[in-house]
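Student: Need coordinates for the below:
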Amino acid sequence: MTNARIEDEKINEIRESVDIVELIGEYVQLKKQGRNYFGLCPFHGENSPSFSVSAEKQIFHCFGCGAGGNVFTFLMDIEGYSFVEAAKVLAEKGNVPLDVEINKGQSRSNLPAGSEQMLEAHDLLRKFYHHLLVHTNEGQEALEYLLNRGFTEETIEQFQIGYALDSWDFAAKFLKKRGFSSELMEQAGLIIFREKGESYFDRFRNRVMFPIMDHQGNTIAFSGRALGEDQPKYLNSPETPIFNKSKTLYNLHQARPHIRKKAQAVIFEGFADCISAVRAGVEHSIATMGTALTEQHLQLLKRNTDQIIICYDSDSAGLHAANRAANMLHENGFGIKVALMPDHLDPDDYIKKFGEKSFVSEVIGASQTYMAFKLYYLRLGKNLNSEGDRIQYIEEVLKEISRLPNAVERDYYLRQLSSEFSLSLDALEKQQRQIFFNERKKGTLPQPSLQKTVTLQYEHKLRPAHQNAERYLIAHMLKSKEAAYKIQQMLGNNRFHLDEHQAIITYLYAYYEDDHEPDTSFFLTYLSDQNLRRIVSEIEMMSVSEEVSDKELTDYINQVLKYEKMLKIKEKQEEEKEAVRRNDTQAAARIAMEIIQLRKML
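Tutor: As a prediction, this is how the structure comes out:
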């Protein structure tokens, strides 16, 4: 890890100024269990939490994928920062003065080639478009349009809304003058190549510009709203190396702290509705980018909350989309409510017609439960005065009730159905059970998502005895400088058999020789290899006693040395076989005696 430009004392000061639980809590929904905090790992997809954060040790470790480290390495892994860039971000969070320069080549090393420049170009245009809208005569018409639509100056500032000039190639020339490659800017979706004349022109012209940002707050795309009669009304950036609609949730970077506070997110179909909702005070609002919910969206959501309110348009298409989203979220273990609006209105129209307070109380506040929405949805297009439609509706409702994991809920809705249609509760229960068994045979019932207690998986991994012994020795060496030097003497010239373990103790001896005290979180900054950091964080999560006896250490050392002798015995056994193959009975007998002596030493 490159940290030569920052003194160890400063690194330690920065590390101690930031609580790892608070930092990771900005990315992962954490719940306390025992002494540690657990959540869904942000580095791989999972449904049961195996990602652990220790407030006491100031480290994290995932028992699923093995990711592990401290506050610095977490930011480096999740944001793609260099060490110096992570240090600057953490220093700012912890109010620690840090005067270092960041080279462009150091930042975001995990991005595909050209992506850093694409992000820089988008950020530059976002600032320029915003300046044009707010501070220039050219943007006056667009600004008046927004203000007349109910946008406030605060909203325009918050969402960095801007204006693209009515010019064919202003952005193309502007970016080229700033040193950006036109070919790369075409790949970024900002300009378009015109074969006739072999020149480039702007994708966005004479439009109100809405920047789209990823969950880290980087500008990755734009949506431009036409001011005149140009079509389409909304023109969006194409998908690019930095913009994927299936992985993007609009406003997540700003909504995240409000989602955590409310333990809930409100999701809309488009960014315009999301902005209107935030303007109305629903700050935990996010939106998909003109696409249905995807598995990638669910992974982003799971890291932040397991409670969702769906607020889509109330027309036929919106209700069908809400039903698809509700089913998908329900099957993935989310708690769901659905906010319904009257008169085929979308959220933006509703707020204009009835006001912000009404939207908050009568729409968001009156959200229906998942099952209540399903009952409403299943009625659509049916005439319940018609016997055929009524029977079809009852069968569809019974099918939905069969999918409910909670017995109390099933009983509640069965009684509601019995009361509404004057049907025998016994008959409905019998029919519901029959549907349940039929669906279970077909395998169409969702699997119940059990909230399992997290088990420390390393305790159940079957490792050779000598590897476990090496891990316990490292665990004690991490806790005590005296134990580390005692183990060094007991090992003598012998090495650990696993190369990674030997590398860790080599770094650890150097760490102690630099006059540092035992502190695993700080020691992790000495490890440049991500795999070594993972192993150290996993070992540190092991349960070991604070004090260790000489006998216990001797037993571990003997396990390590015993393996060395076993390897020697295997080597001798191969030599013995070779001697027998050559009919060299004298050599075979001598080697056999050596094997006997080695076995006596085990």
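Student: what about the stretch 101-250 of the chain, any weak spots by pLDDT?
Tutor: For the stretch 101-250 of the chain, the stretches with pLDDT under 70 are 101-113, 197.
Student: same question, the stretch 301-450 of the chain
Tutor: In the stretch 301-450 of the chain, residues with pLDDT under 70: 445-450.
Student: Where do the strands of it begin and end?
Tutor: Secondary structure of the stretch 301-450 of the chain by DSSP state E, counting those that start in this stretch: the strands cover 307-310, 335-338, 368-369.
Student: what does the last one contact?
Tutor: With contact meaning CB atoms under 8 Å, 6 or more residues apart in numbering, strand 368-369 is reached by 336-340, 376. Bear in mind the C-beta positions are built from the backbone N, C-alpha and C, glycine included.
Student: want to throw those into a markdown table with neighbour count and distance to residue 51?
Tutor: What follows is the contacts of strand 368-369, written out as a markdown table (neighbours: other CB atoms under 10 Å; distance: CB to CB, whole Å):
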| residue | neighbour count | distance to residue 51 |
| --- | --- | --- |
| 336 | 22 | 24 |
| 337 | 20 | 27 |
| 338 | 23 | 30 |
| 339 | 26 | 31 |
| 340 | 20 | 36 |
| 376 | 14 | 37 |
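Student: any idea which of these is closest to residue 271?
Tutor: Nearest to residue 271 among the contacts of strand 368-369, counting by CB to CB, is residue 339 at 17.3 Å.
Student: That closest one against residue 364, yeah?
Tutor: Yes. Using CB atoms under 8 Å, residue 339 makes contact with residue 364 at a distance of 5.4 Å.
Student: Mind listing the shared neighbours of those two?
Tutor: Common contacts of residue 339 and residue 364, defined by CB under 8 Å, 6+ apart, comprise 266, 309, 311.
Student: Next one: residue 211 from residue 280, what distance?
Tutor: Taken as CB to CB, to the nearest Å, the spacing of residue 211 relative to residue 280 amounts to 21 Å.
Student: Contact partners for residue 125?
Tutor: With CB under 8 Å, 6+ apart, residue 125 has these contacts: 171, 174-175, 190, 219, 222.
Student: now with 7 Å?
Tutor: 171, 190 (CB atoms under 7 Å, 6 or more residues apart in numbering).
Student: Which helix or strand contains it?
Tutor: For residue 125, the element it lies in under DSSP states H and E is helix 115-135.
Student: So for that helix, what gets flagged as buried?
Tutor: Going by neighbour count (16 or more other CB atoms under 10 Å), the buried part of helix 115-135 is 115-126, 128-130, 132-134.
Student: And stretch 164-171, by the same measure?
Tutor: 164-165, 170-171.
Student: what about it, distance to the chain center?
Tutor: Relative to its chain's centre, stretch 164-171 lies at 37 Å (CA atoms, centre = their mean, to the nearest Å).
Student: repeat for stretch 39-57
Tutor: Distance of stretch 39-57 from the chain centroid (CA atoms, centre = their mean) equals 10 Å.
Student: what comes up buried for that stretch?
Tutor: 39-43, 46, 49-54, 57.
Student: By pLDDT, give me the weakest of the residues you listed.
Tutor: Within the set of the buried residues of stretch 39-57, pLDDT is lowest for residue 46 (77).
Student: residues in contact with it?
Tutor: Per CB under 7 Å, 6+ apart, neighbours of residue 46: 40, 64.
Student: Now do the helices in the stretch 301-450 of the chain.
Tutor: Counting by DSSP state H, counting those that start in this stretch, the segments of the stretch 301-450 of the chain that form helices are 316-331, 347-354, 356-358, 370-379, 387-402, 407-421, 425-442.
Student: Residues in contact with the shortest one: which ones?
Tutor: Right, helix 356-358. 280-281.
Student: can you confirm residue 291 is in a strand?
Tutor: No. Counting by DSSP: H, G, I helix; E, B strand; the rest coil, residue 291 is located in no strand; its state is coil.
Student: how close does it sit to residue 315?
Tutor: Counting by CB to CB, the gap from residue 291 to residue 315 is 18 Å.
Student: Repeat that for residue 65.
Tutor: Separation of residue 65 from residue 315 (CB to CB): 43 Å.
Student: For the shared contacts of residue 339 and residue 364, which entry has the maximal number of neighbours?
Tutor: The most crowded member of those, judged by other CB atoms under 10 Å, is residue 311 (30 neighbours).
Student: for the chain, which helix is longest?
Tutor: If you go by DSSP state H, the chain has its longest helix at helix 550-581.
Student: Going toward the C-terminus from that helix, what's the next helix or strand?
Tutor: Using DSSP H and E, the helix or strand that follows helix 550-581 in sequence is helix 585-600.
Student: same for that next one, what does it pack against?
Tutor: Secondary-structure packing of helix 585-600 (3 or more CB pairs under 7 Å, 6 or more residues apart in numbering; DSSP states H and E): helix 550-581.
Student: Return the set of buried residues in the helix it packs on.
Tutor: 553, 556-557, 559-561, 563, 569, 572, 575-576, 579.
Student: got it, and stretch 491-506?
Tutor: Neighbour-count burial for stretch 491-506 flags 496-498, 501, 503-505 (criterion: 16+ other CB under 10 Å).
Student: what are the phi and psi values for the closest residue to residue 495 other than its chain neighbours?
Tutor: In space, residue 495 comes closest to residue 502 once its chain neighbours are excluded; the distance is 5.3 Å by CB to CB, 6 or more residues apart in numbering. Per-residue torsions, residue 502: phi -60, psi -40 (degrees, to the nearest 10).
Student: Could you check how far residue 502 is from residue 522?
Tutor: According to CB to CB, residue 502 and residue 522 sit 21 Å apart.
Student: what's the burial count for residue 38?
Tutor: 21.
Student: wait, isn't it in contact with residue 52?
Tutor: Yes. In this structure, residue 38 is within contact of residue 52 by CB atoms under 7 Å, at 5.5 Å.
Student: returning to that earlier point: closest to residue 234 out of the helices of the stretch 301-450 of the chain?
Tutor: Using CB to CB, the helices of the stretch 301-450 of the chain put helix 347-354 closest to residue 234, at 12.8 Å.
Student: which SS class is residue 196?
Tutor: What three-state DSSP gives for residue 196 is coil.
Student: if we can go back for a sec, make CSV out of the buried residues of helix 550-581 and add pLDDT and distance to residue 242.
Tutor: Below are these laid out as CSV (pLDDT from 0 to 100; distance: CB to CB, whole Å):
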residue, pLDDT, distance to residue 242
553, 90, 52
556, 89, 50
557, 88, 52
559, 84, 51
560, 83, 49
561, 81, 54
563, 75, 49
569, 73, 58
572, 70, 60
575, 75, 60
576, 73, 63
579, 73, 65
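Student: No further questions, thank you.
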